[in-house]
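> Please work out how this folds:
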Amino acid sequence: MRSIAIVGANLAGGRAVEALRQAGFDGRITLIGEEPWRPYERPPLSKEVLWEPANVPDNFFLQDEAWYDDNRIDMRLGPRAEAIDLASGGVRLSGGELVQADRILLATGGHARKLNLAGADCENVHYLRTRDDATRMALDLREGASIVIVGMGVIGAEVAASAVKLGCKVTVVEPMPVPMERALGRRFGQWLGEEHRRRGVATHFNCGVTGFRFAGNRVSAVVADDGTVIPCDAVIVGVGIVPATSLARDAGIEVNNGIIVDRRCQTSNPAVFAAGDVAEQDGFFGGRFRQETYQNAADQAQAGALAMLGQEVSYCKPMWYWSDQFDLNIQFCGQIPVEADIAIRGEMDSNTFVAFFLAGETIEGVLTVNRAPDMGVGKRLVERRARASAASLADANVSLRDLLKQAG
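Below is the predicted model of the structure:
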């Protein structure tokens, strides 16, 4: 094999490039990305980049420019990958050029899901997916501005916290009963909603958006489905992403809710692999789904890179994510079983606690709030499908490391 093309100059694409060179691949690597930037970290987009858009964090980019030069990475930043040309063996770019490749990794991620409402494309309606999105959004997050956030998943909740930090008046409209319910469950979503309200966020849960009031190219108010009209200076929409599967679909590669891959990150075409937000993969607890998390994008891309080189790979990990909001570091690993038994170590009122979610006595999920060191052990408990009683997990005198040792 002499050449590999990676479509997506993002976290997944960047980590794949690094893994290929670290594994000793000496052939041509082409990294293709629509944005003008080399691969960068996305978590700061909802935090540090909004706080100081002119001063990105020192570790914002995965590597400095010299690294890509030194490692002979052919960077194609700006042109769009328009087609996978299987007959010719490569990726066709928007300018017509064919990038030859013996193997292709699709790390195409997704695009922010847009609201299907008149006014949803006004200049003060923002969606957050890229560095340029964050830079534009920051212009409207000025002190005293009234901001309405539609959707309170991870992105909506983090932007709400940042907007409060910047002195904005924040109102959230969320159709679910609590924020981040899919990620945290009802009980802990309710806790998080209370923390946001305590810090000044006005919340409208069980509530959708039916329209905007706008003049010219700016929205002046959001209309909720209960009839409430919420005046605003800007709107931020965080209602998920649409996976970028068109390249694969148009090439005849099997697609469902994402690009379907096996545990080698290989698609239905043996020369094409996929990783990150766009990949529909085996779930750790069964079924198939996409993981829209930082760690999955990095780890699966590295696995896919090694698989393209013919190494033995079997990638299947439980979901793990983190979110920083106000002074809260929230981390979760695993899943929340239906009718889960919950054991809490620490006090929720102190915002320093660990929650374990059990199916019978099997630990399937771990949530930590401001107790990051416990997640290191918690992740391994989930990965090993460790068993423990709710009483022992709630007892601070019982060492989590001892429970891990018992799990083998």
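> where does this structure have low pLDDT?
Along the chain, the model assigns pLDDT under 70 to residues 408.
> Domain-wise, how is it divided?
3-43+58-111+242-308, 114-237, 327-407 (automatic domain parsing).
> Throw these into a markdown table and include mean neighbour count and distance to Trp320, thanks.
No exception for glycine: its C-beta is placed from N, CA and C like everyone else's. Listed next are the domains of the chain as a markdown table, based on neighbours: other Cβ atoms under 10 Å; distance: least, Cβ to Cβ, whole Å:
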| stretch | mean neighbour count | distance to Trp320 |
| --- | --- | --- |
| domain 3-43+58-111+242-308 | 20 | 5 |
| domain 114-237 | 19 | 11 |
| domain 327-407 | 17 | 4 |
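> hey, where'd the helices end up in the stretch 301-408 of the chain?
In the stretch 301-408 of the chain, the helices defined using DSSP state H, counting those that start in this stretch lie at 372-383, 390-394, 400-407.
> of all those helices, which lies closest to Pro175?
Among the helices of the stretch 301-408 of the chain, helix 372-383 comes nearest to Pro175, with 29.2 Å by Cβ to Cβ.
> Which strands and helices lie in contact with that closest one?
strand 320-325, strand 328-334, strand 352-359, strand 362-369, helix 400-407 (3 or more Cβ pairs under 8 Å, 6 or more residues apart in numbering; DSSP states H and E).
> For Leu115, which of these is the nearest?
Once the helices and strands packed on helix 372-383 are compared by Cβ to Cβ, strand 320-325 is nearest, at 22.8 Å.
> Can I get the helices and strands packed on helix 372-383 in CSV including distance to Cys122?
Below are the helices and strands packed on helix 372-383 laid out as CSV (distance: least, Cβ to Cβ, whole Å):
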stretch, distance to Cys122
strand 320-325, 27
strand 328-334, 32
strand 352-359, 40
strand 362-369, 37
helix 400-407, 50
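> Minimum distance to Glu174: which of these has it?
Of these, nearest to Glu174 by Cβ to Cβ is strand 320-325, at 14.5 Å.
> Quick one: list the elements packing against the closest one.
Here strand 320-325 touches helix 154-165, helix 181-198, helix 294-308, strand 328-334, helix 372-383, going by 3+ Cβ pairs under 8 Å, 6+ apart.
> how about the ones you listed in a markdown table, adding distance to Ile342?
Putting the helices and strands packed on strand 320-325 into a markdown table (distance: least, Cβ to Cβ, whole Å) gives the following:
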| stretch | distance to Ile342 |
| --- | --- |
| helix 154-165 | 21 |
| helix 181-198 | 7 |
| helix 294-308 | 24 |
| strand 328-334 | 13 |
| helix 372-383 | 14 |
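> quick one, which of these is nearest to Leu403?
Closest approach to Leu403 among the helices and strands packed on strand 320-325 is made by helix 372-383 (6.7 Å; Cβ to Cβ).
> Just the residues contacting the closest one, thanks.
Helix 372-383 has contacts (Cβ atoms under 8 Å, 6 or more residues apart in numbering) with 317-318, 320, 322, 329, 331, 333-334, 345, 354, 356, 363-366, 368, 386, 388, 400-401, 403-404, 407.
> what's the angle from that helix to strand 320-325?
Per axes from the mean of the first three to the mean of the last three Cα atoms, to 10 degrees, the angle that helix 372-383 makes with strand 320-325 is 150 degrees.
> quick one: helix 372-383 to chain centroid distance?
20 Å (Cα atoms, centre = their mean, to the nearest Å).
> got the CA positions of it in CSV?
Once non-C-alpha atoms are left out, helix 372-383 reads as follows in CSV (Å, rounded to 0.1, in the frame of the first residue of the first chain):
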residue,chain,number,x,y,z
ALA,A,372,-12.5,13.4,37.9
PRO,A,373,-10.0,11.0,39.5
ASP,A,374,-12.9,8.7,40.3
MET,A,375,-13.7,8.4,36.6
GLY,A,376,-10.4,6.7,35.9
VAL,A,377,-11.6,3.8,38.1
GLY,A,378,-15.2,4.2,37.1
LYS,A,379,-14.5,3.7,33.4
ARG,A,380,-12.6,0.5,34.1
LEU,A,381,-15.5,-0.8,36.2
VAL,A,382,-17.8,-0.2,33.3
GLU,A,383,-15.4,-1.8,30.8
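> what residue of this structure is the furthest out?
Most distant from the centre of the chain: Asn397, at 35.1 Å, with distances by Cα atoms, centre = their mean.
> need the contact list for the spatially closest residue to Glu143 that is not a sequence neighbour.
Leaving aside its chain neighbours, Glu143 sits nearest to Gly167 (3.5 Å; criterion: Cβ to Cβ, 6 or more residues apart in numbering). By Cβ under 8 Å, 6+ apart, the residues touching Gly167 are 142-144.
> just so I have it, where are all the helices in the stretch 101-250 of the chain?
Under DSSP H, counting those that start in this stretch, the stretch 101-250 of the chain gives helices at 131-140, 154-165, 181-198, 246-250.
> Determine which of those helices approaches Glu97 most closely.
Going by Cβ to Cβ, the one of the helices of the stretch 101-250 of the chain nearest Glu97 is helix 246-250, 15.5 Å.
> Show the subsequent helix or strand relative to the closest one.
On the C-terminal side of helix 246-250, the nearest following helix or strand under DSSP states H and E is strand 259-260.
> counting contacts, what elements does that next one pack onto?
Packed next to strand 259-260, using 3+ Cβ pairs under 8 Å, 6+ apart, are strand 279-282.
> returning to what we had before: over to the residue nearest to Glu143: give its phi and psi.
Main-chain dihedrals, Gly167, degrees, to the nearest 10: phi 90, psi 20.
> measure it to Gly144 for me?
If you measure Gly167 against Gly144 using Cβ to Cβ, to the nearest Å, the figure is 6 Å.
> Kindly report the same for Val223.
Where Gly144 is concerned, Val223 sits at a distance of 23 Å (Cβ to Cβ).
> try Pro175
Taken as Cβ to Cβ, the span from Pro175 to Gly144 is 28 Å.
> picking that back up, as CSV, the helices of the stretch 301-408 of the chain with distance to Trp67 would be great.
Converted to CSV, those look like this (distance: least, Cβ to Cβ, whole Å):
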stretch, distance to Trp67
helix 372-383, 29
helix 390-394, 43
helix 400-407, 37
